[in-house]
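>>> Need the 3D shape of this:
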Amino acid sequence: MVSRVFLGTEGSKYSDLCHALSLGITTIFAVKGGWKQRETASWLVKHALAAMECFGDVVEDCFVLNEPWCAAMQSYHLGIHAPGEEDIYGALLSAHHMLLAQGMIVREAKLRFPYLRVGTVYNVQTRYAATSAADDQEASARANAYFNDLFFEPTYLGRYPQKLEEICGEKMPEFSKSDMEIICVVELLDYHGINYHNGALNRLDPAQALGYSTVVEKNLGINDLGWPIFVAPHYPEGLYDILTELYDRYREVGMSNLMITENGMALSSEWEGVSEIVADPKRIEYLKAHLAQAHKAILRGVPLTGYFAWTLMDNYEWAEGYRPESCFGMVHIDRDSLQRISKESYYWYQALARLGRLLPWVVDIFTVLSSF
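Alright, predicted model coming up:
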């Protein structure tokens, strides 16, 4: 749902939001075509600029988009999120209109609010070939074009991936040169956020619409949503590889100041209702491994300037809802009482932030914390 409720000029609150919701915004938006409708881009522009004007005195940094791949492909091609459509043409139109809105917002923001640092956030997956065979290498190229390059190439190079055009054929919409010039905002972005949780192995599969399928080796390490965990020794270092791959590809055109804006592990954590701490050692190991990969990327020359663990508290995970297996938080939420109970990872991450270095999870971590 994208709300057509805009910030008032007299204050920093949504105007009559509850009333607007009662009028059925989702239905109105769906009838008009959602992101497949070019007009939707102008609605987001209006909303974003109003928000920047209202909050500009207290906010110095803003992200224009967050995970547009999910909003476009999972909603309009894969049928996972609302409106649940399965049309690649409509999904690509939606992606284009999101990028168009972003381009207009970034350009206008730089003119009207020069004090704001403006960036964007794309979710990524390191896409590997399942084997060294040429067919699987082609599968990896297709998967990269569909998942990663779909948003990065227009933003940094002003074009859509040639590989994506090849695999979509006549289902690939045509876009004007003027649109692509608006979308290419590499010289205006102050930073680029990367949401990363996992990589994927791909195999050529003619039975699939895009010609490839994803292979999951469950015995090699997965989170509770079934996503493979790309850490050594079973997998390549997925986060390190995607950071270096993106920077090596786009640094000559101006990519700089990368941030990891999401990185976390979905893990069901049991609480019996008495303990003051919830055990989640697997999450600690996940975070340790990925922070080590991030540090390795910095040593390699990647301009990585920030890291945000996902997430503070157990959340509502979109289509997964409140399933215990979809909990990413460092604080457990009891869904009945809403009581908050810190997990082991909470205290480990607290010590990490204070000391500025990776720590093993040890019993005397509380002694470390008490020294501050």
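>>> Buried residues in the longest helix seen in the chain, which are they?
Ranked by number of residues, the top helix in the chain under DSSP state H is helix 88-112. By neighbour count with 16 or more other CB atoms under 10 Å, helix 88-112 contains the buried residues 88, 90-106, 109-110. Glycine gets a C-beta too; all of them are placed from N, C-alpha and C.
>>> So what touches the helix or strand following it?
Note on helix 88-112: by DSSP states H and E, the next helix or strand toward the C-terminus is strand 117-124. Under the contact criterion CB atoms under 8 Å, 6 or more residues apart in numbering, strand 117-124 has outside partners 60-70, 102, 105-106, 109-110, 147-148, 151-152, 155, 188-196, 242, 246, 257, 259, 261-262.
>>> From those, list the buried ones, please.
Using 16+ other CB under 10 Å as the burial test, the contacts of strand 117-124 include 62, 64-65, 67-70, 102, 105-106, 109-110, 147-148, 151-152, 155, 189, 191-196, 242, 246, 259, 261-262 as buried.
>>> in the stretch 101-250 of the chain, what spans have low per-residue confidence?
Along the stretch 101-250 of the chain, segments meeting pLDDT under 70 are nowhere present.
>>> Revised request: answer the last question for the stretch 251-372 of the chain.
For the stretch 251-372 of the chain, applying pLDDT under 70 flags the ranges 361-372.
>>> Residue 142 and residue 152: what is the separation?
Distance of residue 142 to residue 152, given as CB to CB, to the nearest Å: 15 Å.
>>> Kindly apply the preceding question to residue 42 instead.
Where residue 152 is concerned, residue 42 sits at a distance of 24 Å (CB to CB).
>>> List the beta-bridge partners for the spatially most central residue of the chain.
Centroid-nearest residue in the chain, with CA atoms, centre = their mean: residue 123, separated by 3.1 Å. For residue 123, the beta-bridge assignment (DSSP bridges) gives partners residue 195.
>>> Okay, strands next: where are they in the stretch 201-350 of the chain?
Using DSSP state E, counting those that start in this stretch, the strands assigned to the stretch 201-350 of the chain run over residues 212-215, 258-262, 304-307, 331-333, 340-342.
>>> any chance of these in JSON lines, with distance to residue 50 too?
JSON lines is the format used below for the strands of the stretch 201-350 of the chain (distance: least, CB to CB, whole Å):
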{"stretch": "strand 212-215", "distance to residue 50": "40"}
{"stretch": "strand 258-262", "distance to residue 50": "23"}
{"stretch": "strand 304-307", "distance to residue 50": "26"}
{"stretch": "strand 331-333", "distance to residue 50": "32"}
{"stretch": "strand 340-342", "distance to residue 50": "33"}
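>>> which stretch among those comes nearest residue 171?
strand 212-215 (16.1 Å; CB to CB).
>>> roughly how far out does that closest one sit from the chain middle?
21 Å (CA atoms, centre = their mean, to the nearest Å).
>>> Okay, now the sheet partners of it, with direction.
Partners of strand 212-215, by DSSP bridges, with direction: strand 200-204 (antiparallel).
>>> How much space separates the closest residue in space to residue 73 that isn't next to it in sequence from residue 189?
In this structure, residue 73 finds its nearest non-sequential neighbour in residue 91, 5.2 Å apart by CB to CB, 6 or more residues apart in numbering. Distance, residue 91 to residue 189, using CB to CB: 24 Å.
>>> hey, where'd the strands end up in the stretch 51-200 of the chain?
Going by DSSP E, counting those that start in this stretch, the stretch 51-200 of the chain shows strands at 61-66, 117-124, 127-129, 191-196, 200-204.
>>> I'd say residue 213 and residue 206 touch.
No: contact criterion CB atoms under 8 Å: residue 213 and residue 206 do not qualify, at 9.9 Å.
>>> Pick out whichever of the two has more residues nearby.
residue 213 (16 against 8; other CB atoms under 10 Å).
>>> Mind listing the residues bridging to the more buried one?
On the basis of DSSP bridges, residue 213 is bridged to residue 203.
>>> What residues does it make contact with?
With contacts defined as CB under 8 Å, 6+ apart, residue 213 is in contact with 139, 202, 203, 205, 207.
>>> how far away is the first one from residue 203?
When CB to CB is applied, the distance between residue 139 and residue 203 equals 5 Å.
>>> Who has more neighbours out of these two?
Neighbours were counted for residue 139 and for residue 203 using other CB under 10 Å; residue 139 has more, 28 against 19.
>>> what sits against the closest residue to that one other than its chain neighbours?
Closest residue in space to residue 139, ignoring its immediate chain neighbours: residue 212 at 3.7 Å, by CB to CB, 6+ apart. For residue 212, the contacting residues are 138, 139, 140, 142, 143, 202, 203, 204, 205, by CB under 8 Å, 6+ apart.
>>> where do the helices sit along the stretch 101-250 of the chain?
For the stretch 101-250 of the chain, the helices defined by DSSP state H, counting those that start in this stretch occupy 134-144, 150-157, 162-168, 177-183, 238-250.
>>> Please identify the deepest-packed of the ones you listed.
Highest mean neighbour count among those (mean count of other CB atoms under 10 Å): helix 150-157, with a mean of 22.
>>> surely residue 345 meets residue 280?
Yes: with contact defined as CB under 8 Å, residue 345 counts as touching residue 280 (5.1 Å).
>>> okay, and the common contacts of these two?
Residues touching both residue 345 and residue 280 (CB under 8 Å, 6+ apart) are residue 330.
>>> More neighbours: the two, which one.
Shown here are residue 345 and residue 280; by other CB under 10 Å, residue 345 has more neighbours (29 against 24).
>>> Quick one: residues contacting that one.
Residues counted as contacts of residue 345 (CB under 8 Å, 6+ apart) are 280, 283, 284, 287, 330.
>>> Tabulate these (CSV), appending distance to residue 270.
What follows is these, written out as CSV (distance: CB to CB, whole Å):
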residue, distance to residue 270
280, 10
283, 13
284, 16
287, 20
330, 15
